[in-house]
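**Student:** heads up, no residue letters with this:
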């Protein structure tokens, strides 16, 4: 079970990272070129379309990482690495919610 959860967490984190890079480097560059009112209109259309892929990659990654952190052996190296991954996921979510939303 831990092995499957590890695969889910790693693939989910990679997919989430790729999704965020895609949004930032493609949509973000386009949005920077727009006037504020044009941006608001474009973002209102694009936001629902961007929400599903983000949630579909983030939720499995976050849940699997959370579980793996708590089921890892105390004082093990893997517990420390899962903690780092969990902190990274939490940080990007707090930053995204506070800054962009």
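**Tutor:** Cool, the structure landed. Being a predicted model, the structure only gives us computed values, none of them experimental. Numbering: from 1, shown residues only.
**Student:** Could you use CA atoms for every contact and neighbour count after this?
**Tutor:** Fine.
**Student:** Pass me the low-pLDDT residue ranges in the protein, would you?
**Tutor:** Applying pLDDT under 70 to the chain flags the ranges 101.
**Student:** can you give me the helices in it?
**Tutor:** When assigned using DSSP state H, the helices of the chain occupy the ranges 2-22, 28-32, 36-71, 77-95.
**Student:** Take those and lay them out in TSV including mean neighbour count.
**Tutor:** Shown next, in TSV, are those (neighbours: other Cα atoms under 10 Å):
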stretch	mean neighbour count
helix 2-22	16
helix 28-32	12
helix 36-71	15
helix 77-95	15
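**Student:** For residue 82, which non-adjacent residue is spatially closest?
**Tutor:** Setting aside the residues directly before and after it, residue 82 is nearest to residue 69 in space (Cα to Cα, 6 or more residues apart in numbering), at 5.2 Å.
**Student:** and residue 63, what does it touch?
**Tutor:** By Cα atoms under 8 Å, 6 or more residues apart in numbering, residue 63 lies in contact with residue 9.
**Student:** quick revisit: distance check, the residue nearest to residue 82 against residue 87.
**Tutor:** With distances taken as Cα to Cα, to the nearest Å, residue 69 is found 11 Å from residue 87.
**Student:** Is the residue nearest to residue 82 in contact with residue 79, as I believe?
**Tutor:** Yes: using Cα atoms under 8 Å, residue 69 is in contact with residue 79, at 5.4 Å.
**Student:** Need the overlap of contacts for those two.
**Tutor:** Taking Cα under 8 Å, 6+ apart as the contact definition, residue 69 and residue 79 share no neighbouring residue.
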